[in-house]
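Colleague: just coords:
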């Protein structure tokens with residue numbers, strides 16, 4: 001589909017909002033607002049106001065990814081800015097949250113390195129393909145990877161049980177989807 005429409009349309013503004021919300025997630029998580037949310041504490045959920053604010057902002061930002069894609073498809077709005085900023089915004093949001101979780105010592109740094117490395121590898125592969133006029137579309141594995149990362153990061157931000165296990169699942173899906181992209185795009189890697 002050829003680019004069309006105004007670059008500052010609603011889908012692109014939603015994508016850009018993720019870029020600007022990512023630092024807020026980091027700020028709320030790392031500000032050490034350690035006052036517990038009493039109403040949740042009564043339910044056995046140990047979450048501070050900082051974690052609560054970070055989680056709400058993270059989930060709201062993640063939902064903009066679904067909204068911008070839906071609106072862009074429904075209205076047939078495709079721009080070069082959208083092609084550029086949408087995947088970049090996703091990576092910035094996820095990376096910001098992961099780095100903050102490492103700083104808080106809730107997440108081992110090597111898991112973040114694995115996840116971020118996959119993003120660099122897939123982006124590089126897509127760039128090689130694009131240089132030859134081929135678009136490597138998002139796969140079902142890539143979408144499952146994204147959903148699993150959002151769930152795992154949300155659990156870890158809220159400091160809920162099962163967060164680290166969910167992150168392991170997300171990491172496995174991340175590696176699996178990365179391997180899937182490499183298999184599909186191997187022709188671009190092995191050419192002389």
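Modeller: Yep, that arrived. Please read these numbers as outputs of a predicted model, since none were measured by experiment.
Colleague: buried ones in the helix or strand harbouring residue 20, by neighbour count?
Modeller: Using DSSP states H and E, residue 20 sits within helix 10-30. Within helix 10-30, the residues scored as buried using 16 or more other C-beta atoms under 10 Å are 11-12, 14-19, 21-22, 24-29. Heads up, the C-betas are built off the backbone N, CA and C, glycines and all.
Colleague: check stretch 92-108 too.
Modeller: Judged by neighbour count using 16+ other C-beta under 10 Å, the buried positions of stretch 92-108 are 92-102, 104, 106-107.
Colleague: keep only those of these that are in helices.
Modeller: Among the buried residues of stretch 92-108, the members found in helices (DSSP state H) are 92-102.
Colleague: between those residues, which is closest to residue 180?
Modeller: Comparing those against residue 180 with C-beta to C-beta places residue 94 closest, at 18.5 Å.
Colleague: quick one, what contacts the closest one?
Modeller: Each residue near residue 94 by C-beta atoms under 8 Å, 6 or more residues apart in numbering is listed here: 115, 149-150, 153.
Colleague: and the residues you listed, which two are the farthest apart?
Modeller: Using C-beta to C-beta, the two most remote members of the contacts of residue 94 are 115 and 150, lying 12.4 Å apart.
Colleague: for the helix holding residue 20, packing partners?
Modeller: When contacts are defined as 3 or more C-beta pairs under 8 Å, 6 or more residues apart in numbering; DSSP states H and E, helix 10-30 packs onto helix 49-75, helix 80-103.
Colleague: taking those helices together, which one is wrapped up most tightly?
Modeller: helix 80-103 (a mean of 20; mean count of other C-beta atoms under 10 Å).
Colleague: and that one with helix 10-30, angle?
Modeller: 10 degrees (axes from the mean of the first three to the mean of the last three C-alpha atoms, to 10 degrees).
Colleague: name the helices or strands packed onto the helix or strand following helix 80-103?
Modeller: Using DSSP H and E, the helix or strand that follows helix 80-103 in sequence is helix 109-131. Helix 109-131 sits against helix 80-103, helix 163-184, helix 186-190, with contacts defined as 3+ C-beta pairs under 8 Å, 6+ apart.
Colleague: which residues touch residue 176?
Modeller: Residue 176 sits next to 141, 145 when contact means C-beta under 8 Å, 6+ apart.
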